[in-house]
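Participant: Provide a 3D model corresponding to the input given below.
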Amino acid sequence: MRVGIVIYGSLDILTGGFIYDRKLVDYLRGDGISVEVYPLPWRNYASHLTDNFSFKFIKRLRDSRVDILLQDELNHPSLIAANSFLFRSREYPIVSIVHHLRCSELRSNMANRLYQTVEKQYLTSNDGFIFNSQTTRKTVRNLGIRTKPFVVAHPGRNLQNPDVGQRFIRERAERSGPIRLLFVGSLIPRKELHTLLEALSHIPRNEWTLKVVGNLETDRVYADSVLASIKRLDLKDNVKLLGPMASKDLELEYMASHVLAVPSSYEGFGIVYLESMGFGCPSLATTAGAAHEVITDGVDGFLVSPGDVDAIAKKILLLATDRKILSQMGIAALDRFMAHPTWRQSCEKICDFMKEMVHTNHV
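Facilitator: Residues are numbered from 1 along each chain as shown. Modelled structure (predicted):
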């Protein structure tokens, strides 16, 4: 089987969707399957729409000798018309990897109606779907997309860190000192770091510290507003902005932290929540999106309503002042992590689906 995949930028980007795509590509290549990557430059939404008239790129896809073409749904503005051009000449099925829809994010109704129109048109041009969560699948179905072949394959877990066990989690939780919170994600409005900071400003400063791992350059205007909030709320002694971080360094931060706090307004899955569980860190997330597919509220983490500052503050204060609950939730988080499919299991599921799509296309 020969596979093509269309992405923005590079598979080396460290955000959740790119991790998913990279893990799949690595698995396929490791299984002896040829994978050709077709990158597009990452720009703004309006510029991406002009890619539909890049006949050089369309010709490259049309002439590609693949059995199946994968497209990250993130690329939808660049492919809305391109797929229609390809429809007349291609001999392979097009399958979209759908992490989450842009029109699911929190923004004005007018803007989301525009994104919904474009995304629906794009999704209609696909022959099948790879969904990262049941929530994403339902979102696409609710757009009125007719029934097409699909597979739901959650992002997988890595192997367990041998240094993390029940004893480690208990000792970390019971050690004296403030609760150590960790935020991992790009500094963009959807991740709601500003909401977390507002909540923390209502908790005594001696009860907590926060480390923020994430790129400040993704949205410089928002990052500057975060810096201003830290100053305005007088949190500079409690908050450290670490910037982007290599995987090995991030593992050390997970090991040292008690709780992951990323109260996003929407997540198509939220790989970071699962990742933190592997280190015995319960997660604080929201009820919007698919976080509930990996977090059980009150057991291995907390789910609050998006933007609920008071609820976030209460949950963090509870864990900061009751280390027995913190310890129990940390152990439950590790148990949940161990019950989750591995990357290999998820990729095997996707690969079987792709082979069936190729077989059906050739019949």
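Participant: which strands and helices sit next to the strand or helix carrying Val6?
Facilitator: In this structure, Val6 is located in strand 2-8 according to DSSP states H and E. When contacts are defined as 3 or more CB pairs under 8 Å, 6 or more residues apart in numbering; DSSP states H and E, strand 2-8 packs onto helix 16-30, strand 34-40, strand 68-72, helix 76-79. Placement of C-beta: from N, CA and C, glycine included.
Participant: if we use 7 Å, what do you get?
Facilitator: Contact partners of strand 2-8 among helices and strands, from 3 or more CB pairs under 7 Å, 6 or more residues apart in numbering; DSSP states H and E: helix 16-30, strand 34-40, strand 68-72.
Participant: which neighbours does that strand have in its sheet, and in what orientation?
Facilitator: strand 34-40 (parallel), strand 68-72 (parallel) (DSSP bridges).
Participant: just the buried residues of it, please?
Facilitator: Judged by neighbour count (16 or more other CB atoms under 10 Å), strand 2-8 contains these buried residues: 3-8.
Participant: can you list the low-confidence ranges for the stretch 51-200 of the chain?
Facilitator: Applying pLDDT under 70 to the predicted model, the residue ranges of the stretch 51-200 of the chain that meet it are 87-89.
Participant: now, which of the buried residues of strand 2-8 sits nearest Pro189?
Facilitator: Closest approach to Pro189 among the buried residues of strand 2-8 (CB to CB): Tyr8, at 19.7 Å.
Participant: quick check: pLDDT value at that closest one.
Facilitator: The per-residue pLDDT reported for Tyr8 equals 90.
Participant: possible to save the buried residues of strand 2-8 as a markdown table with distance to Leu182?
Facilitator: Compiled in a markdown table, those are given as follows (distance: CB to CB, whole Å):
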| residue | distance to Leu182 |
| --- | --- |
| Val3 | 36 |
| Gly4 | 37 |
| Ile5 | 31 |
| Val6 | 33 |
| Ile7 | 28 |
| Tyr8 | 27 |
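Participant: buried sites along stretch 199-215?
Facilitator: When neighbours are counted by 16+ other CB under 10 Å, the buried residues of stretch 199-215 are found to be 199-201, 203, 207-215.
Participant: and which of these is nearest Val152?
Facilitator: Gly214 (27.7 Å).
Participant: so how many other residues sit close to Gly32?
Facilitator: Per other CB atoms under 10 Å, the neighbour tally for Gly32 reads 7.
Participant: check contacts around it.
Facilitator: Under the criterion of CB atoms under 7 Å, 6 or more residues apart in numbering, Gly32 has no neighbours.
Participant: so what secondary structure elements neighbour the helix or strand encompassing Val140?
Facilitator: Following DSSP H and E, the helix or strand that holds Val140 is helix 134-142. If contacts are counted by 3+ CB pairs under 7 Å, 6+ apart, helix 134-142 sits against strand 150-152.
Participant: dump the next helix-or-strand element following the strand it packs on to PDB, restricted to CA.
Facilitator: Reading on from strand 150-152 to the C-terminus, the next helix or strand found by DSSP H and E is helix 166-174. What follows is helix 166-174, C-alpha atoms only, in PDB (Å, rounded to 0.1, in the frame of the first residue of the first chain):
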ATOM      1  CA  GLN A 166       1.700   4.400  43.400                       C
ATOM      2  CA  ARG A 167       4.500   4.900  45.900                       C
ATOM      3  CA  PHE A 168       6.000   7.700  43.800                       C
ATOM      4  CA  ILE A 169       2.600   9.500  43.400                       C
ATOM      5  CA  ARG A 170       1.900   9.300  47.100                       C
ATOM      6  CA  GLU A 171       5.300  10.600  48.200                       C
ATOM      7  CA  ARG A 172       5.000  13.400  45.700                       C
ATOM      8  CA  ALA A 173       1.500  14.400  46.800                       C
ATOM      9  CA  GLU A 174       2.400  14.300  50.600                       C
END
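Participant: can you offset everything so residue one is 40?
Facilitator: In the new count, where the first residue is 40, that last one comes out as helix 205-213.
Participant: all helices of the stretch 140-289 of the chain, in order?
Facilitator: Counting by DSSP state H, counting those that start in this stretch, one finds helices in the stretch 140-289 of the chain at the ranges 148-163, 173-181, 205-213, 232-239, 259-271, 286-295.
Participant: and the ones you listed: which comes nearest Ile97?
Facilitator: Closest approach to Ile97 among those (CB to CB): helix 148-163, 14.7 Å.
Participant: picking that back up, out of the helices of the stretch 140-289 of the chain, which comes closest to Asp65?
Facilitator: Comparing these by their distance to Asp65 (CB to CB), the top pick is helix 286-295, with 13.9 Å.
Participant: pull the closest one out as CSV, backbone CA atoms only.
Facilitator: Backbone C-alpha positions of helix 286-295 (Å, rounded to 0.1, in the frame of the first residue of the first chain) are rendered in CSV as follows:
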residue,chain,number,x,y,z
SER,A,286,10.0,15.9,25.1
LYS,A,287,12.6,14.7,27.6
ASP,A,288,12.6,18.1,29.4
LEU,A,289,8.8,18.0,29.5
GLU,A,290,8.8,14.6,31.1
LEU,A,291,10.8,16.0,34.0
GLU,A,292,8.2,18.7,34.4
TYR,A,293,5.4,16.1,34.5
MET,A,294,7.4,14.2,37.1
ALA,A,295,7.8,17.2,39.3
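Participant: now that helix against helix 205-213, angle please.
Facilitator: Using axes from the mean of the first three to the mean of the last three CA atoms, to 10 degrees, the inter-axis angle of helix 286-295 relative to helix 205-213 is 70 degrees.
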